[in-house]
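Trainee: Fold the following for me, if possible:
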Amino acid sequence: MTDFAARRTMMVDTQVRPSDVTKFPIIDAMLTVRREDFVPSGKREAAYMGENLPLDKNRVILEPRTLAKMLDSLDIANGELVLDIGAGLGYSSAVIARMAEAVVAVEEDEDFARDAQDALTEAGADNVILHTGPLREGAAQHGPYDVVLIQGGISELPAVIAEQVKDGGRIAALFMENALGEVRIGRKQNGQISWRMAFNASAPVLPGFARAPAFEL
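Mentor: I've put the predicted structure just below:
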């Protein structure tokens, strides 16, 4: 029988801590949440690999390092409301739920959303609201949000998502340019988001987040 608890510890010790992520809430959450319960059933043995884990439909579960470094940069407090866009099968939302007051997880794929709800319920993540709808629309009815994370690549940030960040709030997004990408952390002040580059990473661009083709005469 696979010792997934040992693999979780190894994931943290070899992928998370060496990436300069040492905040206790992040380490505790990633040691506690059973990542193997949030991956496709046929990929449980690959749950703790140090790279993006492919799902169907050109979607991935972000590698542990990328998620951990996003969380480290955002420094989520336990009284905050978080929007998790592209929740997939629910792993990121389950991790964030252990740090935040509440999480709104957005997933547009109905199969993913159904499996995510089952896994989140089984994990006891009762402070996660699963919202099924287009990723690029977020979930304005539950916002605005102290923190927004996007679980995949983007070419540009839709204005409707920017509007859901509370003034003074933060957002983490992986901006892709061809095969290369960088995670940027934005802070909203006076209605405008100012970005800083945090670290390099890569992931497929999420549905609805590709840059619109330029119109040419």
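Trainee: Quick one: residues contacting the residue nearest to L206 when sequence neighbours are not counted.
Mentor: Of all residues not flanking L206 in the chain, G152 sits nearest, at 3.9 Å (C-beta to C-beta, 6 or more residues apart in numbering). Using the backbone N, CA and C atoms, a C-beta is placed for each residue, glycine as well. Applying C-beta atoms under 8 Å, 6 or more residues apart in numbering, we find G152 in contact with 59-60, 62, 86, 174, 203-206, 209.
Trainee: pLDDT wise, what is G152 at?
Mentor: Note on G152: pLDDT of 97.
Trainee: Check T14 too.
Mentor: 97.
Trainee: Assign it to helix, strand or coil.
Mentor: With DSSP: H, G, I helix; E, B strand; the rest coil as the basis, T14 sits in helix.
Trainee: my guess is it contacts G50, does it?
Mentor: Yes: with contact defined as C-beta atoms under 8 Å, T14 counts as touching G50 (7.3 Å).
Trainee: In contact with L62, which residues?
Mentor: L62 makes contact with 52, 92, 151-152, 201, 203, according to C-beta under 8 Å, 6+ apart.
Trainee: Of those - the most surrounded one?
Mentor: Q151 (28 neighbours; other C-beta atoms under 10 Å).
Trainee: Identify the residues contacting the lengthiest helix in the chain?
Mentor: Scanning the chain for the helix with the most residues, using DSSP state H, yields helix 110-123. For helix 110-123, contacts defined as C-beta under 8 Å, 6+ apart pick out 33-34, 37-38, 55-56, 59, 87-90, 93-94, 97, 105, 107, 128, 130, 132.
Trainee: And it, what's buried?
Mentor: Residues 112-113, 115-117, 119-120, 123 are the ones in helix 110-123 that count as buried (16 or more other C-beta atoms under 10 Å).
Trainee: Let's have those residues in JSON lines, adding distance to I185.
Mentor: Listed next are these as JSON lines, based on distance: C-beta to C-beta, whole Å:
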{"residue": "F112", "distance to I185": "26"}
{"residue": "A113", "distance to I185": "27"}
{"residue": "D115", "distance to I185": "30"}
{"residue": "A116", "distance to I185": "25"}
{"residue": "Q117", "distance to I185": "29"}
{"residue": "A119", "distance to I185": "28"}
{"residue": "L120", "distance to I185": "26"}
{"residue": "A123", "distance to I185": "27"}
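Trainee: That'll do, ta.
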